[in-house]
Each structure stands twice: as structure tokens, then as C-alpha cells.
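**Student:** Generate a structure from the sequence data that follows.
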Amino acid sequence: MTMNDTFLKACRAEPTDYTPIWMMRQAGRYLPEYQKVRGKVTFLELCKSPELCVEVTLQPIDILHMDAAILFSDILIPMEAMGLRLEFHEGKGPVFPDTVRDKAAVDSLMIPEPNETMGFVMETIKLLRKELKVPLIGFAGAPFTCATYLIEGGSSKVFWETKKMMFTAPELFHKLMQKITACTSAYLVAQAHAGAQALQIFDSWAGILAPCDFREFALPYVKRIIADLQPTKLPIIYFANNGATLLDYSVDSGADVIGLDWRINIGDAIRRVGNKAVQGNIDPFALLLPKDKLRARIKRLLEDATDAKGHIFNLGHGIHQFTPPEQAKIAVDAVHELSQR
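**Tutor:** Numbers count the residues shown, from 1 in each chain. So this is what the prediction gives:
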């Protein structure tokens, strides 16, 4: 069974016959097939059931013909393994009832052994590698993004508690970040050993930081993880959402591929990124455009990206749950057709 490795070539900035495409959150709520599986179990039960994770990871590959699969999981799974209670509430998202806001809470966090505490993830990866004809992306949340959930107790609009800790108790904040970083490095190394072929670090909330604060409080920990992953020799993708203002720092992270959201022109980003590959960056909501307009927008984006050392077509953030799957299919087909070299 031959592997379509176009995605991996693009990650390594090698020439490709066409531009590969996958979409963040491609295994998920917009697909009726996913909803069918999810109807039988809670979200956390799904994350911890390797057979079901395999099924939903494969769905966008089989239905939409993506060029890479991304492991179905959640960025907060390792935070639960650190000894915290994690709950998912419909319409409210993840909740940590016991917030991490003082020294005692930080001290009590464990640095888990990934295979012992999150063996279901490694099992999913092993099963997927037997099934897949495209590369498998493993992933984790970046330490700063994970820390916000622990400190806030869930999602936030203003991140009051997070920034309060950063600015009034920086030593405590750094101690928390060190622990999350150690956990995340071990977790991603375990994914690599289980068979992941590329690794993405999601920094969903990096964009709430001023560049100087990103450099001090977030970037050093991303760099640490990427350094820890060097022996795996896997391509590393770093995606700082809302991160156009942080682009130069993202390039400095050591990642092989820089993920871009839609708030920057891809051509401008490529000039600043230099020798690295880029991933992105169409607005997820642009998938709602009529077919001819969507194709025209994709064509323009591909043209803007012609100087990239490597380009992986993706959305600038996750696909929205109410996106009609047939619109995603139009996008995949358009990228494949319009980027043929």
C-alpha cells in the first residue's frame, strides 16, 4: 500500500506535484458521519475509545480526500492526565472545576507518563497507521494555551486570571508553564514513537498576548518542546491563532512549518517566513461562498503562495460545525485541481 506523502514533502519544503490540503477540525461536528458516532458516547468517552477515534479520524479522508489525517483527540487530554478533573459541557466547552491559581495547585500537578496515563492515544495512532494511505498528524496544545484553561477554569473572553498571574505572580506562572511543557514534550515524543508522522502544536490563545509578553511568557516553552522533539526528526507545525503580530517570533520557534490564520495575506507572510514551509490560510467561513467565488478565492490564495518553499493548504482556524460538507469537498477538489504543477 503506497503512502501519498505529498503533505510530508510540503512540510519539508520539497517540491510537490500539487498543493496538499487538510483542514483543522476536519474530523468533527460538520460531518453527519461524525455526529452518528458522537451520538452514542460523550465527547470524553469518544476521545478515550481508540476504535471510535480511528473511525472519525478516517471519515474526512474517505469522504473528502484530504492529504493528511489528524489524530482525533483534544488538547486538554494531557491536562487531565496531570491530575485535574476535566468536564465537557454542551454549549460551554471544557471546564476544569478545580482551577490552578496558587502554589499548592501548581505543586500538586503531576508530570504524567504518557503511555501509562494516555495509552488510548498511542493505541489510536498505532491502529490508524495500519489503515491510512495518507500521513498522520499528531498534536498537542501549546503550554500557554493549555495554561489558560487551567487558570481560567475553561474558556475565556478576557483572560483576566491568566494575565493577573502573569503580571502579579510571574514566578508561579513560569513554574506552571514548566510543568505543562514537560508533560507536553513527553506526550508528543510518545505520539512520535507510536507512529505519528508530523506533529502540530496548537497555540489557540497566543493572539491575546502583546508581542513582548508572548516572547517572555509563551515562546520559550514552545521552543523547549520543539527542541525536545528534534530527535524524532518529524516535521513540526506551530500554529499561533490570531498570531499575525507574532509571526517573526513564530518563525523563531524552531518549527519546520508555520501555521497562518486568515488575518494576514499569505504572500506577505511567506516573505517574512523565509526558508520554512507555511500552512494556511483561508477564512473558514469563506467555505460558505458560492462555488465559483470559492474557487476564485482559492485560486488567488494559491497564486499568492507561489513563492513558498512549501505550502500546505488549510483553513486559518478550525472548520465551523455548521459548514456544509459539500462546501469542504468543493475546496479540496479546487485545491487539488488548481495547484497541479
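
**Student:** Now do the helices in the stretch 151-300 of the chain.
**Tutor:** Counting by DSSP state H, counting those that start in this stretch, the stretch 151-300 of the chain has helices at residues 160-168, 170-194, 211-217, 219-228, 247-251, 266-273, 291-304.

**Student:** residues contacting the closest residue to residue 295 other than its chain neighbours?
**Tutor:** Distances taken as Cβ to Cβ, 6 or more residues apart in numbering place residue 334 nearest to residue 295, at 4.7 Å, with adjacent residues excluded. In short, each C-beta sits where N, CA and C put it, glycine included. Neighbouring residues of residue 334 by Cβ atoms under 8 Å, 6 or more residues apart in numbering: 294-295, 298-299.

**Student:** Residue 8: which of the helices of the stretch 151-300 of the chain is closest?
**Tutor:** helix 170-194 (13.6 Å; Cβ to Cβ).

**Student:** quick one: which of the contacts of residue 334 has the most company?
**Tutor:** Neighbour count (other Cβ atoms under 10 Å) singles out residue 298 as the most crowded of the contacts of residue 334, with 25 neighbours.

**Student:** Can you classify the residue lying closest to that residue once chain neighbours are set aside as helix, strand or coil?
**Tutor:** Spatial nearest neighbour of residue 298, excluding adjacent residues (Cβ to Cβ, 6+ apart): residue 334 at 4.6 Å. Following DSSP: H, G, I helix; E, B strand; the rest coil, the label given to residue 334 is helix.

**Student:** what's the spacing between residue 49 and residue 203?
**Tutor:** Relative to residue 203, residue 49 is positioned 27 Å away (Cβ to Cβ, to the nearest Å).

**Student:** These two: which is more packed in?
**Tutor:** More crowded of residue 49 and residue 203, by other Cβ under 10 Å: residue 203, with 28 against 19.

**Student:** Let me see the contact set for the more buried one.
**Tutor:** Residue 203 sits in contact with 141-142, 144-145, 218, 222, 238-241, 243, where contact means Cβ under 8 Å, 6+ apart.

**Student:** if we look at the sheet, which residues does residue 87 bridge to?
**Tutor:** residue 95 (DSSP bridges).

**Student:** per-residue pLDDT, it?
**Tutor:** On pLDDT, residue 87 comes in at 97.

**Student:** Can you report how many residues lie near residue 32?
**Tutor:** 10.

**Student:** Could you do residue 248 as well?
**Tutor:** Residue 248: 11 neighbours (other Cβ under 10 Å).

**Student:** hang on, it packs against residue 271?
**Tutor:** No. Using Cβ atoms under 8 Å, residue 248 is not in contact with residue 271, being 11.6 Å away.
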